[in-house]
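Enquirer: sequence first, then the predicted structure, then my questions.
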Amino acid sequence: MSAPAPRQSDFFRLRPEVQLAAWLALAFMAIVVADQLHYWRTMEDFNFGFLVPVFVAFVLNDRWPLLKAILVGDDAASAAPAGPREVKWAAGWNFFASLMVAGSLLLLLYGGFFRAVTGPDTDSAAALALGLAGFVLSMGFLVSRTDARSRAVTLSQRGRVVALLVFPALAWMISAPMLLLFESRVKLVLLDWVVRIVFSLFNLLGYEIVREGSTLILPHGSVGVAEACSGIRSLTACLFAGSFLAAVFLNRFWKKIALLTMSAILAFGMNIVRSLFLTGWAYAYNRDKFDAIDADFWGHPEYLALRDSAGQLILDSAGQPKFQLDAAGHTVVNPEFHLFTVHDFAGYSVLILTLAGLLLLLPILNFKIKLPDDPDDQPTSHPEPSTSNAEIQTPNL
């Protein structure tokens, strides 16, 4: 008795051109990862980029059954006889997708060439990310013309293939500084809003504070733009988190857009909270030539002050704690204990709280209101019992 033949892998059941397109897309993704690693390592705003390949792989694995059903032909509804109108539309879309593939390959070639010649550069990073996105989406539409059983696939199902590939294709556009000019303008606008709101609130509450451009002058020291930050890091990270959550947990386009919009709103709102916290912390703990925001969060400012052999604080002539100063006159941070600064603590706390807010929004967006049954389907009242002689039952005595 012969042994049963081993079952062929689902991937290798795809048509050869589909397999080739998949391998090319993976190769281009590897090139984009190699390029964007520079920004993930060197720019704090894009540290979250290390998660992008993991999340893209997760989404592709999660959506593989849906893609396979269309591309292999397991979904009988995806293949249907095409009418003359659909054939005409399909020809036009195929031509457009072919142009997109050609343009995407040119972008990838341009980005790869200048990346090899000039090293890491925002223009080459933008070209590579855009080229990858265009290639994946347009090639996904082209190769889904027929399934593995040589049956024509409907335009609606081909569009579904493209929709399933949106996150794996576009996620790379968030994880690198594609449009540095646009990012700079957004950062300046956010900075101005943050400084205006924080200054107005502290001034309203009666605190002594002066605004000079993007710097808030406090009674002891100041809080500048480098400390308050613009929130661009929160914005990019939250947009990526929101796009991932929308891709995995939401199935309607308007819900995905709503979650992305709330991601931006939450990021900006929580950045205002962070800036208020940092300014309040600096107002309470700043001392002469001591920047409390850059000190360790767990160490009270007096923890860094000089003490005598009995552990008592050494005070200056004004009665304030004395600190060890470097050659430039700045306070020396105690090297014995330094976990993370107040600024870092506030930044990461904001990201965690924003992510928690997005997770709380998911069940709200997925909530379905169950409408009551149609009243016409059920009687509105019980029928009156019949009183005809034929239906009256006389009990036996």
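Expert: Nice, I can see it. Numbering: from 1, shown residues only.
Enquirer: what is the least confident helix or strand in the chain?
Expert: helix 225-228 (a mean of 51; mean pLDDT, DSSP states H and E).
Enquirer: list the helices and strands the helix or strand just after it packs on?
Expert: Using DSSP states H and E, the helix or strand that follows helix 225-228 towards the C-terminus is helix 232-249. Counting contacts by 3 or more Cβ pairs under 8 Å, 6 or more residues apart in numbering; DSSP states H and E, helix 232-249 packs against helix 52-71, helix 166-170, helix 180-204, helix 253-285, helix 342-365. From N, CA and C alone the C-beta is placed, and that goes for glycine too.
Enquirer: quick check, distance from helix 232-249 to the centre of its chain.
Expert: 2 Å (Cα atoms, centre = their mean, to the nearest Å).
Enquirer: please identify the buried residues of that helix?
Expert: 232-247, 249 (16 or more other Cβ atoms under 10 Å).
Enquirer: what do you get for stretch 258-269?
Expert: Neighbour-count burial for stretch 258-269, counted by 16+ other Cβ under 10 Å, picks out 258-260, 262-263, 266-269.
Enquirer: identify the residues contacting it?
Expert: 190, 193, 231, 234-235, 237-239, 241-243, 245-246, 250, 354, 357-358, 361-362, 365 (Cβ atoms under 8 Å, 6 or more residues apart in numbering).
Enquirer: for it, list the C-alpha coordinates in PDB.
Expert: Extracted C-alpha coordinates of stretch 258-269, given in PDB (Å, rounded to 0.1, in the frame of the first residue of the first chain):
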ATOM      1  CA  ALA A 258     -11.900  57.300  13.000                       C
ATOM      2  CA  LEU A 259      -9.300  55.500  15.000                       C
ATOM      3  CA  LEU A 260      -6.400  57.100  13.100                       C
ATOM      4  CA  THR A 261      -8.000  60.500  13.700                       C
ATOM      5  CA  MET A 262      -8.400  59.800  17.400                       C
ATOM      6  CA  SER A 263      -4.800  58.600  17.500                       C
ATOM      7  CA  ALA A 264      -3.600  62.100  16.400                       C
ATOM      8  CA  ILE A 265      -6.000  63.800  18.700                       C
ATOM      9  CA  LEU A 266      -5.000  61.700  21.700                       C
ATOM     10  CA  ALA A 267      -1.300  62.100  20.900                       C
ATOM     11  CA  PHE A 268      -1.600  65.900  20.800                       C
ATOM     12  CA  GLY A 269      -3.800  66.000  23.900                       C
END
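Enquirer: distance to residue 346 added to the buried residues of stretch 258-269, as TSV?
Expert: Putting the buried residues of stretch 258-269 into TSV (distance: Cβ to Cβ, whole Å) gives the following:
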residue	distance to residue 346
258	28
259	25
260	24
262	21
263	19
266	16
267	14
268	15
269	14
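Enquirer: which among these gets closest to residue 207?
Expert: residue 269 (21.5 Å; Cβ to Cβ).
Enquirer: quick one: the closest one from residue 252, how far?
Expert: Residue 269 is 25 Å from residue 252, where distance means Cβ to Cβ, to the nearest Å.
Enquirer: go on, residue 115?
Expert: Residue 115 is 38 Å from residue 252, where distance means Cβ to Cβ.
Enquirer: neighbour count: these two, which is higher?
Expert: Ranked by neighbour count (other Cβ atoms under 10 Å), residue 115 and residue 252 place residue 115 first, with 20 against 11.
Enquirer: still on that earlier bit, closest one to residue 135 among the helices and strands packed on helix 232-249?
Expert: helix 166-170 (8.1 Å).
Enquirer: hmm, who's touching that closest one?
Expert: Contacts for helix 166-170 (Cβ under 8 Å, 6+ apart): 56, 59-60, 132-133, 136-137, 243-244, 247.
Enquirer: how far does it sit from its chain's centre?
Expert: The mean C-alpha position of helix 166-170 is separated from the chain mean by 12 Å, Cα atoms, centre = their mean.
Enquirer: do the same with stretch 310-320
Expert: That offset, for stretch 310-320, works out to 49 Å (Cα atoms, centre = their mean).
Enquirer: swap in stretch 310-323?
Expert: Taking mean C-alpha positions (Cα atoms, centre = their mean), stretch 310-323 and its chain are 48 Å apart.
Enquirer: please apply the same query to stretch 276-287.
Expert: With Cα atoms, centre = their mean, you get 30 Å for stretch 276-287.
Enquirer: stretch 246-258 too?
Expert: Distance, stretch centre to chain centre, for stretch 246-258: 13 Å (Cα atoms, centre = their mean).
Enquirer: ends of it, what's the gap?
Expert: Taking Cα to Cα, to the nearest Å, the first and last residues of stretch 246-258 lie 9 Å apart.
Enquirer: distance of the closest residue to residue 347 other than its chain neighbours relative to residue 280?
Expert: Of all residues not flanking residue 347 in the chain, residue 274 sits nearest, at 6.6 Å (Cβ to Cβ, 6 or more residues apart in numbering). Distance of residue 274 to residue 280, computed by Cβ to Cβ: 11 Å.
Enquirer: and if you look at residue 23?
Expert: Distance from residue 23 to residue 280, counting by Cβ to Cβ: 55 Å.
Enquirer: no further questions, thank you.
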